[in-house]
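Q: here is a sequence together with a model predicted from it:
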Amino acid sequence: MSRRRLGYLLKHAHLRLTQLTGPALEPYGIDGRELAVLHVLDEADPLSQQEAARRLRIDRTTMVALIDTLEGKQLVSRRPHPDDRRKNMVELTTRGRDTLRDGGQAVEEAERAFLAKLPADDAALLRELLDRLI
């Protein structure tokens, strides 16, 4: 039965989660991919666009487009790398940090709602198992 196939289950779980997280992020003017970029940029001192792309495992062209969008929303700022003018360093603005904090909390609440049908131990185990797989 196709409903028992792993691909089917993962796809439909992702769709249901997205139905919760998308609207949760709307008030902050960002989507899940943009939130992921904000998270990566917040984890370290200013990163180059290239390093941020590597950490998220996305191509450089996609990262440039995401950074352009986030810069347009005044959530990040770019400046030339001090040692290599071919690179740009990217860091969160104050507005970006606020958006990350508030949007992150909204996503956490959406994830809790998504996992609410599971006992807490099972929800934690699901996260752990998925983390091991990726």
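A: Yes, it's here.

Q: next structured bit after the longest helix anywhere in the chain?
A: Ranked by residue count under DSSP state H, the longest helix found in the chain is helix 94-115. Using DSSP states H and E, the helix or strand that directly follows helix 94-115 along the chain is helix 120-133.

Q: in that next one, what's buried?
A: Within helix 120-133, the residues that count as buried by 16 or more other C-beta atoms under 10 Å are Ala123. Just so you know, the C-beta spots here come from the backbone N, C-alpha and C atoms, and that holds for glycine as well.

Q: can you list the strands that the worst-scoring helix or strand of the chain on mean pLDDT pairs with?
A: Each helix and strand of the chain was given a mean pLDDT (mean pLDDT, DSSP states H and E); the minimum falls on strand 47-48 at a mean of 84. Applying DSSP bridges, strand 47-48 is found paired with strand 88-92 (antiparallel).

Q: centroid-nearest residue for the chain?
A: The centroid of the chain falls nearest to Ala36 when counting by C-alpha atoms, centre = their mean (1.8 Å).

Q: and Glu91, how far is that from His81?
A: Distance of Glu91 to His81, computed by C-beta to C-beta, to the nearest Å: 12 Å.
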